[in-house]
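S.K.: my questions are about this predicted structure, shown below with the sequence.
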Amino acid sequence: MGTYEEQSMSSSIEKAKGVKDILPPDEPYWELVEEAAKKTARDFDFFRISTPIFEKTDLFLRGVGKRTDLVAKEMYSFKTKGDDALTLRPEGTAPVMRAYIENGMKSLAQPVKLFYIEPFFRHERPQHLRQRQFYQVGFETLGFGSSVIDAELIQAATHILRRIGLEGFEFQVNTLGDASCRPSYMKKLQEYLKDNKKSLCLDCQESMVRRPFNVFECQEEKCARIARMAPKMIDELCEPCHSHFRELLEMLDEIEVPYTLNPFIVRGLDYYTRTVFEIWLSVEGEPSGMRALGGGGRYDGLAAELGGGEIPGSGFALGVERLIRVIKNQGLVPPQHKEREKSIFLAQLGFAARKRSLKLFSELMREGIHASAAFSRESLSSQLRIADKLGVEYALILGEKELFDKSIILRNMKTGNQEILEMRNLIAELKNRLSPFSTKLFRPI
């Protein structure tokens, strides 16, 4: 067996398990999602926030809940050399609330509306659409407890999805009540599960006392049968929670958001109160026929758990990788793909021509004409082959003779016809000759 150095030299280093590279062919899809989120944020007056990639572990223990699967099983937590307990953020809501409290945002005009596009980290088994590093688009509204905030957030999520071009999605909506009505319901649910304990899987048997809601998320068919017959939170709501939920549904009807009442949506994190929802998309080939794109809800008790007092909040997050998968499956073409299509290819022969072509390349860009070039290739034939593969309308050819004559050759790549243009008239000639599609690229930079 060789030394460590010898082994390092003889084997390549691969990425860590559960993460993916974002390669150039996927970049337009990421831009499509990000631009849809940014434009929607501007329309709804949300401002961008970026929190640190790691936080004090206690933030998630107190905010998300020690007994949740996320905290108990999925967090990347570590101790620093200074013995600080830190965690790579597994979700975005608790860090945003921490930032709101710590930076005195309560003194601002309420509500404070924030959005983020960030990576998150969870130590779970890598599988289809589940990675240990993943990205989310999140929208959070803090400082106002009205049901209209929940409706506005659902409306914003709808705008993002429609801006992307997605069809066939709907919101699965439920309510979890609050501290006034949930305790009595939880006791009733626990008693029901206790009566049916022998029919539950081992995980649900273990969690039915401390986290009885888990039965609604269990994938075991025998547990699903028990869950379908279980008492429902919506039947046990106090009057304020009932009014909040009724108002939300009336507003969703008014803005014509596609939704379904689903008493099994519980979201699995301790900070949720009242409204919870998930966004499902109809997908062929999925076991349930649906795929969750994201979800969210109200978290009026989170700030108090973090020592910030009573600060209502509501928000949602969308999984970027999940959105991109659906975009591809639906055959949507990001506009950024079209924007990258070029109508001009700049070819050059010789050092002097290459030097002049670098300057010409910038001149074309300043005029909004997006050109391509292959400055690393010396032969004209290899450059024109590249131009042909790119499908450009015209190639500009600059050599020593053209430099001397202050001219340039314009080659029609479809017909092969060539003509000589005066360099001083080049920009005007190109704008006259390019196709109507190409004129969309005339955007000065």
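M.R.: On my side now, so go ahead.

S.K.: quick one: contacts for Y185?
M.R.: Taking CB atoms under 8 Å, 6 or more residues apart in numbering as the definition of contact, the neighbours of Y185 are G177, P231, M233, E236. Where you see a C-beta, it was placed from the backbone N, CA and C, and this is true even at glycine.

S.K.: farthest pair in those?
M.R.: G177 and P231 (12.0 Å; CB to CB).

S.K.: before we move on, back to that, which of the contacts of Y185 sits closest to L293?
M.R.: For those, the nearest to L293 is M233 (23.7 Å; CB to CB).

S.K.: next, count neighbours for that closest one.
M.R.: M233 has 24 neighbours, counted by other CB atoms under 10 Å.

S.K.: got it, and E254?
M.R.: Counted with other CB under 10 Å, the neighbours of E254 add up to 9.

S.K.: with F134 instead?
M.R.: Other residues lying near F134 total 20 when counted by other CB under 10 Å.

S.K.: tell me what whichever helix or strand it is part of is packed against?
M.R.: In this structure, F134 sits in strand 133-142 according to DSSP states H and E. Helices and strands touching strand 133-142, by 3 or more CB pairs under 8 Å, 6 or more residues apart in numbering; DSSP states H and E, are helix 27-43, helix 93-102, strand 112-121, helix 147-164, strand 290-298, strand 313-319, helix 320-329.

S.K.: what segments of the stretch 151-300 of the chain are strands?
M.R.: With DSSP state E, counting those that start in this stretch applied, the stretch 151-300 of the chain shows strands at 169-175, 259-261, 273-282, 290-298, listed in chain order.

S.K.: what's the closest residue to K194 other than its chain neighbours in contact with, if anything?
M.R.: Nearest residue to K194 in three dimensions, chain neighbours excluded: M208, at 6.8 Å (CB to CB, 6 or more residues apart in numbering). Taking CB under 8 Å, 6+ apart as the contact definition, M208 lies against Q190, L193, K194, K197, L200, N214, V215.

S.K.: so what's M208 scoring on pLDDT?
M.R.: With respect to pLDDT, M208 has a value of 82.

S.K.: circling back: are any of the contacts of M208 buried, and which?
M.R.: If you count burial by 16 or more other CB atoms under 10 Å, the buried members of the contacts of M208 come out as L193, L200, N214, V215.

S.K.: which of those fall within helices?
M.R.: Using DSSP state H, the members of these that fall within helices are L193.

S.K.: which one of the buried ones among the contacts of M208 is nearest D26?
M.R.: Distances from D26 to the buried ones among the contacts of M208, taken by CB to CB, are shortest for N214, at 35.2 Å.

S.K.: what about that closest one, distance to T175?
M.R.: When distances are taken as CB to CB, to the nearest Å, N214 and T175 turn out to be 18 Å apart.

S.K.: got it, and A37?
M.R.: Using CB to CB, one obtains 27 Å as the distance from A37 to T175.

S.K.: which of the two has more neighbours?
M.R.: Neighbours were tallied for A37 and for T175 using other CB under 10 Å; the higher tally belongs to T175 (30 against 27).

S.K.: bridged to the more buried one, which residues?
M.R.: Partner residues in beta bridges with T175, using DSSP bridges, are T275.

S.K.: quick one: end-to-end distance for stretch 56-69.
M.R.: Stretch 56-69 has its terminal residues 18 Å apart, counting by CA to CA, to the nearest Å.

S.K.: repeat that for stretch 137-157.
M.R.: End-to-end distance for stretch 137-157, by CA to CA: 10 Å.

S.K.: neighbour count for G177 and P231, which is higher?
M.R.: When neighbours are counted by other CB under 10 Å, G177 comes out ahead of the other of G177 and P231, with 23 against 15.
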